[in-house]
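1. Curious how this folds, go ahead:
(6 chains)
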Number of protein chains: 6
Amino acid sequence: MKLKIINPNTTQSMTDKIGACARAVAGSDTRIVAVSPRMGPASIESHYDEALSVPGILEEVSLGEQDHVDGYVIACFGDPGLYAARELARGPIIGIAEAAMHAASMLGTGFSVVTTLARTCNIAWHLAERYGMERFCRNVRASDLPVLDLEKPGSDARRIIADECRRALAEDRSDCIVLGCAGMTDLCEEIGDALDVPVIDGVASAVKMAEALVSLRLATSKRGDFARPLPKAYSGLLADYALK
Amino acid sequence: MKLKIINPNTTQSMTDKIGACARAVAGSDTRIVAVSPRMGPASIESHYDEALSVPGILEEVSLGEQDHVDGYVIACFGDPGLYAARELARGPIIGIAEAAMHAASMLGTGFSVVTTLARTCNIAWHLAERYGMERFCRNVRASDLPVLDLEKPGSDARRIIADECRRALAEDRSDCIVLGCAGMTDLCEEIGDALDVPVIDGVASAVKMAEALVSLRLATSKRGDFARPLPKAYSGLLADYALK
Amino acid sequence: MKLKIINPNTTQSMTDKIGACARAVAGSDTRIVAVSPRMGPASIESHYDEALSVPGILEEVSLGEQDHVDGYVIACFGDPGLYAARELARGPIIGIAEAAMHAASMLGTGFSVVTTLARTCNIAWHLAERYGMERFCRNVRASDLPVLDLEKPGSDARRIIADECRRALAEDRSDCIVLGCAGMTDLCEEIGDALDVPVIDGVASAVKMAEALVSLRLATSKRGDFARPLPKAYSGLLADYALK
Amino acid sequence: MKLKIINPNTTQSMTDKIGACARAVAGSDTRIVAVSPRMGPASIESHYDEALSVPGILEEVSLGEQDHVDGYVIACFGDPGLYAARELARGPIIGIAEAAMHAASMLGTGFSVVTTLARTCNIAWHLAERYGMERFCRNVRASDLPVLDLEKPGSDARRIIADECRRALAEDRSDCIVLGCAGMTDLCEEIGDALDVPVIDGVASAVKMAEALVSLRLATSKRGDFARPLPKAYSGLLADYALK
Amino acid sequence: MKLKIINPNTTQSMTDKIGACARAVAGSDTRIVAVSPRMGPASIESHYDEALSVPGILEEVSLGEQDHVDGYVIACFGDPGLYAARELARGPIIGIAEAAMHAASMLGTGFSVVTTLARTCNIAWHLAERYGMERFCRNVRASDLPVLDLEKPGSDARRIIADECRRALAEDRSDCIVLGCAGMTDLCEEIGDALDVPVIDGVASAVKMAEALVSLRLATSKRGDFARPLPKAYSGLLADYALK
Amino acid sequence: MKLKIINPNTTQSMTDKIGACARAVAGSDTRIVAVSPRMGPASIESHYDEALSVPGILEEVSLGEQDHVDGYVIACFGDPGLYAARELARGPIIGIAEAAMHAASMLGTGFSVVTTLARTCNIAWHLAERYGMERFCRNVRASDLPVLDLEKPGSDARRIIADECRRALAEDRSDCIVLGCAGMTDLCEEIGDALDVPVIDGVASAVKMAEALVSLRLATSKRGDFARPLPKAYSGLLADYALK
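-> Numbers count the residues shown, from 1 in each chain, chains lettered A, B, ... in the order given. This next block holds a predicted model:
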């Protein structure tokens, strides 16, 4: 099967890292295509960035449909544009926050999310609510690291995040950790080994969830909200988004 | 004060109608500016349309900030881009679903929303939840009218909507009606007179809420999530969205 | 339009202050009438006080109806008797907790209430739940000031409340403050200026909400629960409350 | 022990019936005192009636305290004034809706309430929520009988209510019935025998709950909200309500 | 009436203590039978122990039905097997967590549970949710005492639990204490006297609730989920559990 | 990897069918072991059956641990004993209701469960709540088929279930179907093809979820509630359940 992993920001080093982590967990008959959109923000750290990442994501899903992609992963912890993308895709399309939270709920009694900037914590809380995972989400903790610091070789990011995970276990009554940024995908194993609790990376989780659904021949329902959008005129910069 | 009413779709007749209704209820010292964005969908009837209306909305808010606008209304019942827009705006910025639902909750014990296509009902339910209005929202009912039918002179839209409102009162245990589309703004008074219950139009409600907040000198909080987004690179079609 | 502001306690200095603050924010064509009931408690600091303030409030609403009042504000943060009063009133009738919480929910992501005695905190929590505002209410904090201390010239009240507001912002993950007592109405501007977040006074908010609804010709729904009560015999001290 | 049963309306025939039913279930060492207040509405069928029944209830509780009453029942299905009354009482004080809903939740998986007028249904829903019983409350059904019709010899009330109970079982997925008016206390056994499911009368349930708590020496907590109200001035008609 | 108190663990000293406390609060015409099952764990401190206590409980209920028992109490704070037991019993059957939480909700505005090991806290939270008592449950606190330490004469258990109750009142905004283990039944009075708030023991509460329901002739509903299980084959160790 | 699928009832034909369906979807490097416990009910159609299936399940998990099983599936739609089993297992252990509901929540906006007897519907509702899936669960519908009818060649079961699924789509506003019994595992593809919406079988879903978690090296958290139970004495029939 072919899975397309869309990193919604335009930072290629992060896309490369995400692609590598996806390939490392994918099944032997899964082909991973990891892309950044052609437009949009270099990192996603606000509602504004998130909203403006969506046109690029939707373009990549449209291209994926032409390219017979079987399933998709949206690899940003805010799961931007997930519902709009589901309207375009035939196969399943999974957000990394969605996948990680679901996985955590099957492994323990409550998880803490450790993410980047404090201003994104509410976004994670909203997603937890939307997915029904609020009852398992004991806390969302900011490490106060900007997203792109995770891309800097030699930065302190690794230590800072591991320390925040430790505080989460000590203070939140949680027994699993969810890493709250696609850029942390390469830290998962190391931190998991250090903490001796499940540490869950959304990229890897979403790849496996998408594989599972595709192999079960389960696709996005086209009966209700996620039916293909009605054709209509689009204008201006976005004229090419008109569907037929 | 100056209020900017953003109709997120690009259909000018609808923008004109919305502007006229806004002016009809605005205070004598309020100047109403009603616009459609320069890009985006002709109508909003899916998550896809909604997501792609947001770049145009955000551009209009940025222009509004340069133009010393005091408050904003997003005049589409899905309240697209509301949180992203709040990050840009200094003053208050109100969604029409938000305003209408809040108003209804102060006038009765439960309301029914009467909207256009069935596929948009879940969007209204999500908003009701997000605003805390789920406990007042007794039902969201589709009239199965496409949005732009509301713009066609001589269409049956008026009758169809009034009939659905009547069914709502008979079947939903509700005592208020919320009209679930900005394009219904001109139907409010007529249907209200016919039904003898509060019939609430989001455009008018949002104008008055925005006026109220501006006159109280209450603005969007810049302490938390709605602080101005961090400056960063944007690329491709959306390069101009980079903030400084 | 004529708005009647009912301070449910019998302390005239507080009624005067509330009236002045209401007039300061009211529109130029709004006439504010501020009253205390003819009977009841000197301040409201318990369920008992609250329950016993209601007969006086209802009398004032009945008088208001005879006097062609267009809308009402109940100016005590427990919103006593709100639903009973809605059964009597034709126009809208707004509680100050209701108005302040709704306003806060449109300006930020979460608010703290700063109120007087600890024993009233649960009342505020109940109202937050009733209005659907629990999801925005991050905390209700007592300043441990008795209500009438707010009326004493030269008291420390101003400083104590400002300090509690500061603690709220530091500890509650909130980005707006709601002042939890009508007697704090004159502190709003000063504290808001000091804290640089929206500080919301219920009296002012409720006046503007009531004005907004009246100007939209939206009135309390008379279809359901808020229909006029059935006529029946009343006896004893309350015999005059019998409706016809 | 001495239990005081307060029928919050002033209709003596109903108080007599309630007293008789309470005595029929009370333990051999329980003395039942059943009273109507000296003031207030002849029946309670609105928020207005309910609010105005509270001063009379509070007077009866104050008198009860002087009279060494051990526990109280408020015998109206809206449980009017329950929290205010708890501030006055040393012993436990139970509402009949509270008792009936709690009992039903221990006997089945979901109950239907069958009450009088449709306009009181929301009151029952609010109580179900307040007591945590919303998850067990499958429906609240009006029989459209005015309260005092239950007092008329030869009325159809008995048949109408039994029929509504039958519809509840057939349509609501419920397995218990809660009778939603103190005036139905004498119908409980007959309807229960006919329907072969638990049919729960709040008056009887509350008497047994109060007995249980008194015999366990459990009283209303005086640590928090239900501490005795602060002394303060009361004026006008209600001047005698000032506590010392 | 005859009430059967089932201590789900096999520790006889604890069964004896529970029986004595039950008898101390029972009415004069109530006969208390207190038993341990013939099989199962010596104490219940995990989901595993809890699950494996259920066959023994169900055997005791089956024996009780042959023996014309009128009502049952399951005397372990996890209320193990409550719903399965209700399918077997004609009369009411009450869990001690259920009874204690309901009682607490009628005496104050919020309670803290003080229990044994931390790993059982989530069980108490789940029960609070299941019974609708989550809104009253302010905290569940572990004392870190193994259950059987409560049986050791001269242990520090008494002091440790009282101290945890004190911390609960100081830190949890609660005004009642629920003792979270049947083995604490004999500590209730002493701690209650020391703390001057209601301290609620589930064993005593459940005995009185069961007495109340039996005396009202209210039994487990046999209409829905709690109907007698269908007859079917059982095999292996559990062959004798086949119903006819 | 080795996955053990535990059919909690003792009906071998059903175990064989479940094993075959599990093998059909398992990855090429997954070894499926499908078993029935040595003791317990022939089918599970009540809380009683469910409770009594748990000892057999726990024995199979203990044996599995000795046998180096990597992950488990509990193949009964009530997910009996899931939390107790998690205390025993090192690897992940997934219930089929859990897996199916999670999968459905990623494919559509709302699902209907179609199950066997009406008396089991509440069990499914409780699980939906426990897993956070209540917000996606639009209805739980009984087909009124006893479980073992699904095992009878030539029975009408197939048609009856397909018809109920059709009604679900027509009446419940749902866009996915969850089959609510492990015995329906072989109907999934046929019904899915007929209805053109995702029809989700828990057995297949749980196999893929378990495979996903095992391949990600994610195991049940042993930090909190799911830590191995404390060693203690067990007696009677269950003496062998004592852990060391």
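2. what are the ranges of the helices in chain A?
-> Counting by DSSP state H, chain A forms helices over residues A:12-25, A:47-66, A:82-88, A:96-105, A:121-130, A:157-171, A:188-195, A:202-215, given from the N-terminal end onward.
3. I'd like the ones you listed as CSV, with mean neighbour count appended.
-> C-betas here are computed from N, CA, C, even on glycine. CSV is the format used below for these (neighbours: other CB atoms under 10 Å in any protein chain shown):
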stretch, mean neighbour count
helix A:12-25, 19
helix A:47-66, 23
helix A:82-88, 24
helix A:96-105, 29
helix A:121-130, 21
helix A:157-171, 17
helix A:188-195, 17
helix A:202-215, 28
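4. Which other helices and strands does the lowest-mean-pLDDT helix or strand in chain A contact?
-> The least trusted helix or strand in chain A, going by mean pLDDT, DSSP states H and E, turns out to be helix A:188-195, with a mean of 93. The elements that helix A:188-195 packs onto, with contact taken as 3 or more CB pairs under 8 Å, 6 or more residues apart in numbering or on different chains; DSSP states H and E, are helix A:157-171, strand A:176-179, strand A:199-201.
5. could you redo the last one with a cut-off of 7 Å?
-> helix A:157-171, strand A:199-201 (3 or more CB pairs under 7 Å, 6 or more residues apart in numbering or on different chains; DSSP states H and E).
6. How far off centre is the shortest one?
-> Which is strand A:199-201. Relative to its chain's centre, strand A:199-201 lies at 12 Å (CA atoms, centre = their mean, to the nearest Å).
7. Which neighbours in the sheet does it have, and how are they oriented?
-> Note on strand A:199-201: by DSSP bridges, its sheet partners are strand A:176-179 (parallel).
8. What is the distance between the partner strand and the centre of its chain?
-> Relative to its chain's centre, strand A:176-179 lies at 14 Å (CA atoms, centre = their mean).
9. same deal with stretch A:70-80?
-> Between the mean C-alpha point of stretch A:70-80 and the mean C-alpha point of its chain there is a distance of 4 Å (CA atoms, centre = their mean).
10. Same question for stretch A:120-138.
-> Between the mean C-alpha point of stretch A:120-138 and the mean C-alpha point of its chain there is a distance of 14 Å (CA atoms, centre = their mean).
11. hmm, that stretch touching chain D?
-> No. Using CB under 7 Å from any CB of the partner chain, no contact is recorded between stretch A:120-138 and chain D, whose separation bottoms out at 14.3 Å.
12. Can you name the residues of chain A sitting close to chain E?
-> So far as CB under 7 Å from any CB goes, chain A lies against chain E at residue A:109.
13. With adjacent residues omitted, what lies nearest to the most centrally placed residue in chain A?
-> Taking CA atoms, centre = their mean as the criterion, residue A:96 is the residue nearest the geometric centre of chain A, at 2.7 Å. Excluding the flanking residues, the one nearest residue A:96 by CB to CB, 6 or more residues apart in numbering or on different chains is residue A:202, at 2.8 Å.
14. And the one you found, how close does it get to chain E?
-> 25 Å (CB to the nearest CB, to the nearest Å).
15. quick revisit: quick one: which of the helices of chain A is nearest residue D:219?
-> Between residue D:219 and the helices of chain A, the tightest spacing by CB to CB is seen for helix A:157-171, at 36.8 Å.
16. so which of the helices and strands packed on helix A:188-195 comes closest to residue A:215?
-> Each of the helices and strands packed on helix A:188-195 has some distance to residue A:215 by CB to CB; the shortest is strand A:199-201, at 20.8 Å.
17. ok, and what's touching that closest one?
-> Where contact means CB atoms under 7 Å, 6 or more residues apart in numbering or on different chains, the residues beyond strand A:199-201 that reach it are A:100, A:103-104, A:165, A:176-179, A:184-185, A:188, A:191-192, F:218.
18. Same question for stretch A:34-43.
-> Around stretch A:34-43, the neighbours that count as contacts under CB under 7 Å, 6+ apart are A:4-12, A:15, A:18-19, A:22, A:49, A:52-53, A:55-57, A:59-60, A:147-148, B:232-238.
19. With distance to residue C:133 as extra columns, can I get the helices of chain A in a markdown table?
-> Written out in a markdown table, the entries for the helices of chain A read as follows (distance: least, CB to CB, whole Å):
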| stretch | distance to residue C:133 |
| --- | --- |
| helix A:12-25 | 39 |
| helix A:47-66 | 21 |
| helix A:82-88 | 26 |
| helix A:96-105 | 26 |
| helix A:121-130 | 16 |
| helix A:157-171 | 28 |
| helix A:188-195 | 38 |
| helix A:202-215 | 32 |
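20. so what's residue A:238 closest to, chain neighbours aside?
-> Distances taken as CB to CB, 6+ apart put residue B:39 closest to residue A:238, at 4.6 Å, once the chain neighbours are dropped.
21. And for residue A:207?
-> Nearest non-adjacent residue to residue A:207, counting by CB to CB, 6+ apart: residue A:22, 4.9 Å away.
22. do residue A:54 as well
-> Distance criterion CB to CB, 6+ apart; nearest residue to residue A:54, sequence neighbours excluded, is residue A:81 at 3.7 Å.
23. what's the neighbour count on residue A:75?
-> Taking other CB atoms under 10 Å in any protein chain shown as the neighbour definition, residue A:75 ends up with a count of 32.
24. Give me the pLDDT value at the residue in chain A positioned nearest to chain D.
-> Shortest chain A-to-chain D distance, computed as CB to the nearest CB: residue-wise this is residue A:135, at 14.3 Å. According to the prediction, residue A:135 has pLDDT 97.
25. Was I right to think it contacts residue F:134?
-> No. Here residue A:135 does not reach residue F:134: they are 9.7 Å apart, not a contact under CB atoms under 7 Å.
26. These two: which is more packed in?
-> Summary of the neighbour comparison: residue A:135 and residue F:134, criterion other CB under 10 Å, with residue A:135 having more neighbours (18 against 15).
27. And for that one, nearest residue in space, chain neighbours not counted?
-> Excluding its sequence neighbours, the residue lying closest to residue A:135 (CB to CB, 6+ apart) is residue F:132, at 5.2 Å.
28. Give the burial count for the one you found, as a bare number.
-> Neighbourhood size, residue F:132 [other CB under 10 Å]: 23.
29. which residues sit in contact with it?
-> Counting by CB under 7 Å, 6+ apart, residue F:132 makes contact with A:105, A:132-136.
30. same thing with residue A:181?
-> A:77, A:115-116, A:147, A:150.
31. quick check, nearest of those to chain E?
-> Closest approach between the contacts of residue A:181 and chain E, by CB to the nearest CB: residue A:115, at 24.6 Å.
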